[in-house]
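**Student:** kindly generate the corresponding structure for this input.
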Amino acid sequence: MADQSSEEAARLHKFVDPVSYLSAFVSNGVRPDGRSCSTARNVTLNIGSISTANGSAMVKLGQTCVLAAVKMELSNPPLECPSRGYLVCNIDQSSSSLSEALSGPPTSEAQSLSQTLQDLLSRFVDCDDLILVESKLCWTVYVDVVCLCNSGNVWDACVLASTVALINTQVPAVNTDVELPLVSISSRRSLKLGTVPLAATFTIFKDKYCLLDPSREEELICDGTVSVIYFEDGGIAQITHAGKPLSSERLISMCKDGQTHTQTLYKLLNTVCT
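**Tutor:** Here you go, the predicted model:
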């Protein structure tokens, strides 16, 4: 009976004052789900989830679930870059994944994430490799990412899922020696890709605590966000920061924690994709 009463009191505390609730935990070095500030949730990765796509992957970060699919279509190259193909990215945060999302046009958050993802993957996918006949024929690579459940840190899940889906992608051979190009599904090759990028995101709580791989509850009451993109060798490709200024010591500490986390992800990726 006492345990039930304490659980009800905890739920009430979380509902009435979520900031005080989280503060009571992290001040003791632990988060409500039992993780330390520098510990990420368990990651599950499945490839080839969609048989009708050229490549696909499903990622789960805790309860956050993201599905990425790659489809390839023949197109005319852009006039300004006749020797390059296209890469088009889209992230869909469906109404079932976010209680605050509404049906209809993409949310501003989804549009922003889509553009950021496209900017990142444009450095990963070799668009010169997508040309079939200069000025006449190329591949367009569509990367569609759907958030099936948002329990926090959708960005990291989107980066991992789309990256793995591109690694999983098989490009059909095309006979361009005939009047109408013929696509052969019996002969395929992999996309030409660069160094694999992975993300590690932190939320800043009370200008003091840096929480790796934040839950949705932590995101909603945070003071700022830092997202770091890493390469497999541990190098940092970019750092995105929103919120109040951070000291260099704190940023360095976060980058080290993020590096440790992404090295674990790279090991998982290499195991699943080989």
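
**Student:** now the stretch 151-274 of the chain, which segments are flagged as low pLDDT?
**Tutor:** 178-179, 182, 184-186 (pLDDT under 70).

**Student:** rerun that using 50 as the cut-off
**Tutor:** For the stretch 151-274 of the chain, no stretch is flagged by pLDDT under 50.

**Student:** what are the ranges of the strands in it?
**Tutor:** 170-175, 182-190, 198-205, 209-212, 224-230, 236-243 (DSSP state E, counting those that start in this stretch).

**Student:** give me whichever of these is most buried.
**Tutor:** strand 198-205 (a mean of 25; mean count of other Cβ atoms under 10 Å). Heads up, the C-betas are built off the backbone N, CA and C, glycines and all.

**Student:** hmm, who's touching stretch 210-219?
**Tutor:** Stretch 210-219 has contacts (Cβ atoms under 8 Å, 6 or more residues apart in numbering) with 14, 18, 22, 26, 31-33, 37-41, 61-62, 150-153, 156, 200-205, 222, 225-226, 250, 253-254, 257-258, 261.

**Student:** just the buried subset of these, written out for PyMOL, thanks.
**Tutor:** In PyMOL, this line selects whichever of the contacts of stretch 210-219 come out buried by 16 or more other Cβ atoms under 10 Å:
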select buried, resi 22+26+31+32+37+38+39+40+41+61+62+150+151+152+153+156+200+201+202+203+204+205+222+225+226+250+254+257+258+261
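
**Student:** residue 74 reaches residue 136, doesn't it?
**Tutor:** No: applying Cβ atoms under 8 Å as the test, residue 74 and residue 136 come out as separate, 10.4 Å apart.

**Student:** of these two, who's got more company?
**Tutor:** It is residue 74, of residue 74 and residue 136, that has more neighbours when counted by other Cβ atoms under 10 Å, with 15 against 12.

**Student:** which strands and helices sit next to the longest helix anywhere in the chain?
**Tutor:** Looking across the chain with DSSP state H, the single longest helix is helix 248-273. For helix 248-273, the packing partners by 3 or more Cβ pairs under 8 Å, 6 or more residues apart in numbering; DSSP states H and E come out as strand 43-47, helix 154-168, strand 198-205, strand 209-212, strand 224-230, strand 236-243.

**Student:** of these, which is nearest residue 93?
**Tutor:** helix 154-168 (7.0 Å; Cβ to Cβ).

**Student:** the closest one to strand 224-230, inter-axis angle?
**Tutor:** 20 degrees (axes from the mean of the first three to the mean of the last three Cα atoms, to 10 degrees).

**Student:** what angle do helix 154-168 and strand 43-47 make?
**Tutor:** Using the same axes, to 10 degrees: helix 154-168 against strand 43-47 is 30 degrees.

**Student:** how far away from the center of its chain is helix 154-168?
**Tutor:** Counting by Cα atoms, centre = their mean, to the nearest Å, helix 154-168 is centred 5 Å from the centre of its parent chain.

**Student:** and if you look at stretch 144-162?
**Tutor:** Counting by Cα atoms, centre = their mean, stretch 144-162 comes out at 5 Å from the chain centroid.
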